[in-house]
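S.K.: Build me a model:
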Amino acid sequence: MISTVQELAAEALFVSDLQPSQCPSRRAVEEAVTAMILRFGSDGCAAGVAAEFGDHPEVAVRRMGWVREELAAVLASQRSPHFAN
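M.R.: Down below sits the predicted model:
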């Protein structure tokens, strides 16, 4: 189930308007994922990814790489202990 949730999050971030050049915060990534799932649903997010891979595969591959890196960073930050300064 976890991989299914991660796949949905990846598809949702992929179809969002966030760009690597924005260096989005963890919160911005989480908000974008939630907004796209609410807006398009899981099928709509998957369809958007499929369309981009069909129309612009070279760009879509780079974007999905960025998406995976961003989501890995979000997961890592959630798993690491938080210490008060």
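S.K.: Residue 19: how many residues sit nearby?
M.R.: Look at residue 19: counted by other Cβ atoms under 10 Å, it has 10 neighbours. C-betas here are computed from N, CA, C, even on glycine.
S.K.: roughly how far apart are it and residue 62?
M.R.: Applying Cβ to Cβ, to the nearest Å, the value for residue 19 to residue 62 is 12 Å.
S.K.: cool, residue 47 as well?
M.R.: Residue 47 is 20 Å from residue 62, by Cβ to Cβ.
S.K.: tell me which residues in the lengthiest helix in the chain are buried?
M.R.: Longest helix in the chain by number of residues, with DSSP state H as the criterion: helix 26-55. Residues 29-30, 32-33, 36-37, 40, 45-46, 48-49, 52-53 are the ones in helix 26-55 that count as buried (16 or more other Cβ atoms under 10 Å).
S.K.: same thing with stretch 68-77?
M.R.: Neighbour-count burial for stretch 68-77 flags 70, 71, 74 (criterion: 16+ other Cβ under 10 Å).
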